[in-house]
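Colleague: Got a predicted structure here, sequence first:
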Amino acid sequence: MIDPRLLPGLLAARDAAPGCSAKDLVRRSGKVRLYRYRPLAQDTKGPPLLIVYALVNRPYMMDLEENRSLIRELLKRGVDVYLVDWGYPDGADRATSLADYVDGELAACVEHVLAAHRIDDLNLLGVCQGGVLSLCYTALHPQRVRNLVTMVTPVDFHTPRDLLSKWARKIDVAAFVGRGNVAGDALNALFLALMPFRLAQQKYVDLWLGDADPARLESFMRVERWIFDSPDQAGAAFREFVTWCYQENRLIRGTLEIGDRRVDLKKIVCPVLNIVAARDHIVPREASLALRDAVGSNDYRLEEFPLGHIGLYVSARARREVPAAIADWLAARA
């Protein structure tokens, strides 16, 4: 039961808009949008940074509000930020494949940024599933990526504590997907079921025990909106990702193919920054730590934070430490 003290504030906060940093639409292709954020520093440092978010969630979690925005903190530090927004697939996208996303849309976004700046390579930041797409792209197009940053990115999908993988390996993917797309609400229910008390109960207990501060309630409602704002997944790409990665673990085994080309992580020789959340229940730290021995880079750095999957974007510690770690690492290689 909601504390009556909180009800007026929650009702007032329910329309709190996510996303706080000004940005411009610079490319559009079907459902996919490419945005460039407006600078907050007097000068930018080094090549632009293209952020590649996961397909299964909306990217505004990285720019939730002024005091909880990884993107805003990067902008303040002089990073020129672009973002790929995959949009909301519908029935017309059911045949969209991983190759369409990696060698089609992502490759086109990279080429747009390179042409706009008249440069040959850029910095790439991949988040969660977007990190997998970024690894695939970088392995297939190593000349286009100067520095690669991965955040909470699974590389070995068969580590012992990977609850999502244990579920995915038991299902008949073809039957689950059928002939259409996969409902985002169904996937969201699955993610919540992995840690039911923490994700579906504890947060409401914490809400009830807190005060009625409008800013706190607005923050709560923004996160709630993000959690339940789950796009449907293109059927073909979802089937390929679950089968090839979760069930067959092809990425770490070196047998993954995108568009008939093998994704060889050893071809990633650019500097790599791997950011890991030690308390992540979606991507266990061991799944991400496998990247070190998989890539061919001699310039590899690990940054591990005692945070969870969402906390890596929105917690107070994340705001203090994560953007600084990324910006400083990129500046040292500018």
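Modeller: Received, thanks.
Colleague: show me the contacts for A278.
Modeller: By CB atoms under 8 Å, 6 or more residues apart in numbering, the residues touching A278 are 285, 304-307. For every residue, glycine as well, the C-beta is placed using N, CA and C.
Colleague: Using a markdown table, lay out the residues you listed together with secondary structure, distance to V102 and neighbour count.
Modeller: Rendered in a markdown table, the data for the contacts of A278 read as follows (DSSP: H, G, I helix; E, B strand; the rest coil; distance: CB to CB, whole Å; neighbours: other CB atoms under 10 Å):
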| residue | secondary structure | distance to V102 | neighbour count |
| --- | --- | --- | --- |
| R285 | helix | 25 | 17 |
| E304 | strand | 27 | 13 |
| F305 | strand | 28 | 20 |
| P306 | coil | 32 | 10 |
| L307 | coil | 28 | 21 |
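Colleague: can you give me the helices for the stretch 201-334 of the chain?
Modeller: For the stretch 201-334 of the chain, the helices defined by DSSP state H, counting those that start in this stretch occupy 203-209, 214-228, 235-241, 250-253, 285-289, 291-294, 311-314, 316-332.
Colleague: Show me the shaky parts of the stretch 201-334 of the chain.
Modeller: 201-213, 216 (pLDDT under 70).
Colleague: same thing but at 80, please
Modeller: 201-228 (pLDDT under 80).
Colleague: Distance to L133 added to the helices of the stretch 201-334 of the chain, as a markdown table?
Modeller: Shown next, in a markdown table, are the helices of the stretch 201-334 of the chain (distance: least, CB to CB, whole Å):
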| stretch | distance to L133 |
| --- | --- |
| helix 203-209 | 29 |
| helix 214-228 | 20 |
| helix 235-241 | 9 |
| helix 250-253 | 11 |
| helix 285-289 | 15 |
| helix 291-294 | 14 |
| helix 311-314 | 18 |
| helix 316-332 | 18 |
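Colleague: what's the closest of these to K31?
Modeller: helix 235-241 (12.3 Å; CB to CB).
Colleague: Give the other helices and strands that that closest one contacts.
Modeller: helix 98-99, helix 173-177 (3 or more CB pairs under 8 Å, 6 or more residues apart in numbering; DSSP states H and E).
Colleague: how about 6 Å then?
Modeller: If you count contacts as 3 or more CB pairs under 6 Å, 6 or more residues apart in numbering; DSSP states H and E, helix 235-241 packs onto helix 173-177.
Colleague: Quick one: residues contacting the residue nearest the centre of the chain.
Modeller: Centroid-nearest residue in the chain, with CA atoms, centre = their mean: V127, separated by 2.9 Å. Contact partners of V127, counting by CB atoms under 6 Å, 6 or more residues apart in numbering, are 53, 151.
Colleague: Relative to D121, how far out is it?
Modeller: 20 Å (CB to CB, to the nearest Å).
Colleague: How about L190?
Modeller: Taking CB to CB, one finds L190 at 37 Å from D121.
Colleague: for A318, same thing?
Modeller: Distance from A318 to D121, by CB to CB: 28 Å.
Colleague: So between those two, which is more surrounded?
Modeller: Using other CB atoms under 10 Å as the criterion, A318 and D121 rank with A318 on top: 21 against 16.
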